[in-house]
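Trainee: what's the 3D shape of this:
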Amino acid sequence: MRNRILKAIEHDGRVDIGELAIRLGLDETAVANEMSEMEKEGVICGYFTLIDWDKTDSQTVTALIEVRCTPQRGQGFDNIAERIYKYPEVTSVYLISGGFDFLVTLEGKTLKEVATFVTDKLSVQESILSCATHFILEKYKEHGTILAKKYEDERMLITP
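Mentor: Here you go, the predicted model:
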C-alpha cells in the first residue's frame, strides 16, 4: 500500500485523500493514517509547487556547482554537505560519483550574486578544493514536468 500511495502523490501532492483512496481502491482512513505515518518517519519529506519562474516577472538565476573536496576523517562528506546545505541560497546538495564530490544547486537574483556566493562563501571553506559553476540557461523539464513550449512549425505549407 505504501509504495502505491507514494507513486500516486509523487506527481500530484495536492490530491484529495478521499480521491486518492478511490483511485487506489483503498480505505480513506487507512490512506490518511499511512500518509501521516510516512510524514512522521521522514519518508514524505515535504510538498512543493513547481513554478516556471521564466513566466513571471521575478528575476532568478539558477546555477549547478560542482564541488571537489577532501572528506573529513571519521566523518566523510556529511559535515561538508551540512555546511553547504545550510545556506538559504542552496536549493539542493547531492553527493555524486565522478570527478567531483558534490553537485550543488543554487539560486540567486543575478549571475554576479551567484558568483559572489561561490567565491566568498563556498570555495573558501576548509576542505573544499575546487568549484566549477554552470548557469542554467533554459529549463526544458524539471521533476518530470515538461516546461518547454512545444515547437510549432510556422512555415507556410506549399503544395504543387
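
Trainee: could I have the strand or helix carrying Ala8 exported to CSV, CA atoms only?
Mentor: Assessed by DSSP states H and E, Ala8 sits inside helix 2-10. Provided in CSV are the C-alpha atoms of helix 2-10 (Å, rounded to 0.1, in the frame of the first residue of the first chain):
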residue,chain,number,x,y,z
ARG,A,2,2.8,2.4,0.9
ASN,A,3,4.5,2.3,-2.5
ARG,A,4,1.2,2.7,-4.3
ILE,A,5,0.4,5.8,-2.3
LEU,A,6,3.9,7.3,-2.8
LYS,A,7,3.7,6.7,-6.6
ALA,A,8,0.3,8.3,-6.7
ILE,A,9,1.3,11.5,-4.8
GLU,A,10,4.7,11.9,-6.3
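
Trainee: which helices and strands sit right next to that helix?
Mentor: helix 17-24, helix 28-41 (3 or more Cβ pairs under 8 Å, 6 or more residues apart in numbering; DSSP states H and E). C-betas here are computed from N, CA, C, even on glycine.

Trainee: Need the residues that contact the first one.
Mentor: Okay, so that is helix 17-24. The contact list for helix 17-24 (Cβ atoms under 8 Å, 6 or more residues apart in numbering) reads Met1, Arg4, Ile5, Ala8, Ile9, Val15, Asp27, Glu28, Ala30, Val31, Ala32, Met35.

Trainee: Could you check how many residues crowd around the nearest residue to the fourth one once chain neighbours are set aside?
Mentor: I take that to be Ala8. Distances taken as Cβ to Cβ, 6 or more residues apart in numbering place Leu20 nearest to Ala8, at 5.8 Å, with adjacent residues excluded. When neighbours are counted by other Cβ atoms under 10 Å, Leu20 registers 19.

Trainee: now do Ile80
Mentor: Counted with other Cβ under 10 Å, Ile80 comes out at 23.

Trainee: coming back round to it: looking at the contacts of helix 17-24, which is nearest Gly98?
Mentor: Proximity of the contacts of helix 17-24 to Gly98 (Cβ to Cβ) peaks at Ile9, which lies at 31.9 Å.

Trainee: possible to save the helices and strands packed on helix 2-10 as JSON lines with mean pLDDT and distance to Gly74?
Mentor: Output for the helices and strands packed on helix 2-10, formatted as JSON lines (pLDDT from 0 to 100; distance: least, Cβ to Cβ, whole Å):
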{"stretch": "helix 17-24", "mean pLDDT": "93", "distance to Gly74": "44"}
{"stretch": "helix 28-41", "mean pLDDT": "95", "distance to Gly74": "28"}
